[in-house]
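J.: sequence first, then the predicted structure, then my questions.
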Amino acid sequence: MSNFYAFLHKHWQKLLALTIWLALIGGYWLYARHSGASLWQSIVALVQLLRSPLMGVLLFILLYTVRPLAFFSAVVLSLLGGSLYGPWVGFLANVIGSNAGALLAYTLGRFFGQDWVSAEPKQSSWVGRYTERMRRNSFETVFIMRLLYLPYDLVNYLSGFLRIDWRAFLAATALGSIPGTIAFTLLGAGIPFADLIIAVENQHIPRLPNALLYTFISFAILAVSSLVSRYMRRKEGDPSSAD
């Protein structure tokens, strides 16, 4: 029995993600079986549900919040938020959902302990270079990691495992994620996949008046962020040795 609990403690993230994906697949299978809807019709129905004025936004935020449990891409959901709700509401929904999801992942990491990160991680590893600094300078390090677009969920869980202050983590996440959130929201708004799906279903071509503008701005933000990231990498050098 002790081996079973040890296995659960070590692989809980993978097991939880697998359970969620199996539930989603099973839910779709039951829906398709009872409604007779094809995969495309199911996608259209989901888009229409998410685009409902209030409940759709709340459902989207809920999905974004639980997203880390399924290891689903945050970038894809940020694009979808911009596509569904436009730049303003989409940005607000993405910010609320992403920060709520980050806090959830942090809480789970804190609850399940530090087994994933050794007490003295190898300094040659990515984890080793940042672990000690995250413990000493939580806000600054998480903020830099967000600007550098390091793996989003890995930063969330690692922060929880290391038990850094949750207020510093949440503040650094909220501020450091703003450039990427703006860029991906605008990109989704500029290439509105949701509008295209509905248009195909209704057999008409949608107007995309802001597509070029939003796409240009989003890529400009990503380019600037990339330059800032390179500058900060050069300035930081070896983070493990910085104060």
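T.: That came through, no problem.
J.: name the nearest residue to the residue nearest the centre of the chain, sequence neighbours excluded.
T.: Closest to where the C-alpha atoms of the chain average out (Cα atoms, centre = their mean) is A74, at 2.7 Å. The shortest distance from A74 to any residue other than its chain neighbours is 5.0 Å, reached at Y152 (Cβ to Cβ, 6 or more residues apart in numbering). (Each C-beta comes from the backbone N, C-alpha and C, glycine too.)
J.: over to G97?
T.: Closest residue to G97 apart from its sequence neighbours, by Cβ to Cβ, 6+ apart: Y64 at 2.6 Å.
J.: swap in R51?
T.: L84 (5.7 Å).
J.: residue contacts, the one you found?
T.: With contact set as Cβ atoms under 8 Å, 6 or more residues apart in numbering, L84 has these partners: 47, 50-51, 56, 60, 90, 188, 194.
J.: cutoff 7 Å now
T.: With contacts defined as Cβ atoms under 7 Å, 6 or more residues apart in numbering, L84 is in contact with 50-51, 60, 90, 194.
J.: out of those residues, flag the one nearest to F216.
T.: Sorting those by how near they are to F216, with Cβ to Cβ, puts G90 at the top with 17.4 Å.
J.: just to revisit the earlier point, now the buried members of the contacts of L84.
T.: Burial of the contacts of L84 was assessed by neighbour count (16 or more other Cβ atoms under 10 Å); the buried members are 50-51, 60, 90, 194.
J.: from the residues you listed, which has minimum pLDDT?
T.: Among those, A194 has the lowest pLDDT, at 69.
J.: buried residues in the lengthiest helix in the chain?
T.: Taking residue count as the measure and DSSP state H as the definition, the longest helix of the chain comes out as helix 74-112. Of the residues in helix 74-112, those with enough neighbours to count as buried (16+ other Cβ under 10 Å) are 74, 77-87, 89-106, 108-110, 112.
J.: got the domain ranges for the chain?
T.: Under the assignment automatic domain parsing, the domains of the chain span 1-36, 38-241.
J.: highest average neighbour count across these?
T.: Comparing those by mean neighbour count (mean count of other Cβ atoms under 10 Å), domain 38-241 ranks first with a mean of 17.
J.: next structured bit after the worst-scoring helix or strand of the chain on mean pLDDT?
T.: In the chain, the helix or strand scored least confidently by mean pLDDT, DSSP states H and E is helix 193-202, which has a mean of 66. Scanning forward in sequence from helix 193-202, with DSSP states H and E defining helices and strands, the next element found is helix 211-236.
J.: got the angle between that following helix and helix 74-112?
T.: Taking axes from the mean of the first three to the mean of the last three Cα atoms, to 10 degrees, helix 211-236 and helix 74-112 form an angle of 40 degrees between their directions.
J.: does helix 211-236 pack against any helices or strands, and if so which?
T.: Using 3 or more Cβ pairs under 7 Å, 6 or more residues apart in numbering; DSSP states H and E, the elements in contact with helix 211-236 are helix 138-147, helix 178-190.
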